[in-house]
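*Asks:* No letters, just coordinates:
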């Protein structure tokens with residue numbers, strides 16, 4: 001990879017380290033999206049894990065919040081559903097609070113027992129038999145996409161591969177009109193963005209208007225599915241299930257957004273991250289080329305290394321002492337997956353990208369416990385097949401400049417990643 005790319009990020013990291021070391025812990029705010037846009041948040045989390053693994057930030061653009069930064073502590077919060085709630089009515093699963101009148105339930109932003117009932121509705125999509133059928137489709141579409149990539153010219157991997165393939169997959173899962181599939185990408189971006197000038201949307205009003213457009217579009221499809229015999233797409237499954245058939249409009253839109261973001265953002269950003277990681281680690285790229293069987297451990301290692309969603313949030317239902325800190329009822333508790341996935345007490349050499357790790361599935365990227373990502377197997381399957389097809393075709397996909405990263409402390413992703421394939 002061109003030296004200039006690495007040098008730029010090295011000096012940035014050095015100044016981030018200095019800043020993280022010289023800032024008093026009381027003034028730490030790791031939720032600042034600017035840290036993620038510049039990829040300079042790492043030293044802040046390193047210091048928190050070492051010195052104050054459960055940390056209170058009294059003031060941020062998202063209000064006060066607790067940070068939980070170590071792997072095992074995050075697991076403890078994830079599995080303590082009696083005290084730490086995911087409910088949309090309390091603010092949901094991201095650090096950014098949604099205004100009470102705009103809160104929409106989805107099964108990830110729900111506590112038991114309703115959570116499991118709604119989640120079970122879409123689970124058949126991810127059974128081994130169904131995944132085998134989807135695999136044929138994924139391989140065909142991956143091959144077509146890769147065969148059409150330009151040679152000897154710079155293009156944006158995010159747009160032409162990561163977005164295109166994940167959006168096609170979503171369109172298949174929803175049986176969504178093919179020619180409109182990029183709407184799904186747009187709605188995913190709108191749902192997770194922080195509104196602001198020059199952003200995906202400028203204002204919260206704009207966001208809500210577009211999400212209502214999403215709801216209206218899907219409501220039309222829902223009416224069609226409910227009047228047809230049950231089929232094997234996500235919309236038909238929800239329309240014909242007792243647990244989801246009579247969802248109110250907010251719950252309906254909440255679940256749609258969950259499935260769109262879950263099926264799109266995470267795989268999209270891991271696919272971009274995989275090209276970036278291999279370029280940063282040419283020895284691992286060589287290892288993968290020489291032994292394509294390593295794809296099986298390469299895929300979970302990329303998912304750990306990238307951590308496509310930086311955090312999940314819970315709300316405390318009661319006062320609790322946790323690791324010697326007093327968390328109060330109503331407090332916002334943020335589990336930083338991106339930090340847990342670099343916890344040296346649990347993961348050996350966590351900053352190294354090692355495609356043949358002994359236990360590559362030791363990571364938090366999919367969450368844990370009842371809210372563990374329902375589409376894990378599909379995400380891994382997509383990445384595995386795409387990489388099998390890439391290795392058949394291309395010896396080297398070269399990243400030629402640093403990616404442009406998303407301004408967000410929730411979605412850890414890439415807006416653009418310029419690459420070139422030698423002809």
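*Replies:* Happy to help now that I have it. Everything numeric here is computed off the predicted structure, so don't read it as measured data.
*Asks:* Check the offset of the lengthiest helix in the chain from the chain's centre.
*Replies:* Counting residues, the longest helix in the chain under DSSP state H turns out to be helix 249-280. Centroid displacement of helix 249-280 relative to its chain, using C-alpha atoms, centre = their mean, to the nearest Å, is 5 Å.
*Asks:* which helices and strands does that helix pack with?
*Replies:* For helix 249-280, the helices and strands in contact under the criterion 3 or more C-beta pairs under 8 Å, 6 or more residues apart in numbering; DSSP states H and E are helix 164-174, helix 182-192, helix 204-226, helix 282-290, helix 295-306, helix 376-393, strand 397-399, strand 414-416. (Each C-beta comes from the backbone N, C-alpha and C, glycine too.)
*Asks:* can you pull the contacts of residue 260?
*Replies:* Going by C-beta atoms under 8 Å, 6 or more residues apart in numbering, residue 260 touches 170, 184, 187-188, 191, 214.
*Asks:* Apply 10 Å and report the result again.
*Replies:* Residue 260 makes contacts with 167, 170, 173-174, 176, 183-192, 214, 218, 234, as judged by C-beta atoms under 10 Å, 6 or more residues apart in numbering.
*Asks:* Would you mind checking those residues for buried ones?
*Replies:* Burial by neighbour count, 16 or more other C-beta atoms under 10 Å: within the contacts of residue 260 this picks out 167, 170, 173-174, 176, 183-185, 187-192, 214, 218, 234.
*Asks:* before we move on, the earlier item: who wins for proximity to residue 24 among the helices and strands packed on helix 249-280?
*Replies:* Distances from residue 24 to each of the helices and strands packed on helix 249-280 were compared by C-beta to C-beta, and the smallest falls on helix 295-306, at 30.4 Å.
*Asks:* tell me the angle of the closest one relative to helix 376-393?
*Replies:* 110 degrees (axes from the mean of the first three to the mean of the last three C-alpha atoms, to 10 degrees).
*Asks:* taking the mean pLDDT, what do you get for helix 295-306?
*Replies:* Averaged over helix 295-306, pLDDT sits at 97.
*Asks:* Just confirm residue 67 is within a helix.
*Replies:* No. Assignment of residue 67 by DSSP: H, G, I helix; E, B strand; the rest coil gives strand, placing it outside any helix.
*Asks:* Settle this for me: it is touching residue 58, isn't it.
*Replies:* No. Between residue 67 and residue 58 there is no contact, the gap being 11.9 Å when judged by C-beta atoms under 10 Å.
*Asks:* Tell me the spacing between the residue of the chain most remote from its centre and residue 121.
*Replies:* Within the chain, the residue lying farthest from the chain centre (C-alpha atoms, centre = their mean) is residue 227, at 33.8 Å. To residue 121, residue 227 is 19 Å away according to C-beta to C-beta, to the nearest Å.
*Asks:* and if you look at residue 334?
*Replies:* Residue 334 sits 28 Å away from residue 121, taking C-beta to C-beta as the criterion.
*Asks:* rewinding a little: what touches both of residue 67 and residue 58?
*Replies:* When contacts are counted by C-beta under 10 Å, 6+ apart, the set common to residue 67 and residue 58 consists of residue 29.
*Asks:* so who does the nearest residue to residue 337 once chain neighbours are set aside touch?
*Replies:* Across the structure, with C-beta to C-beta, 6 or more residues apart in numbering as the measure, the residue nearest residue 337 apart from its sequence neighbours is residue 364 (4.4 Å). Contact analysis of residue 364 by C-beta under 10 Å, 6+ apart lists 71, 74-75, 78, 304, 307, 309, 312, 335-341, 343, 346-347, 372.
*Asks:* Just the buried residues out of these, in ChimeraX syntax.
*Replies:* To isolate in ChimeraX the members of the contacts of residue 364 that are buried, counting by 16+ other C-beta under 10 Å, one can use:
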select :71,74,75,78,304,307,309,312,335,336,337,338,339,340,341,343,346,347
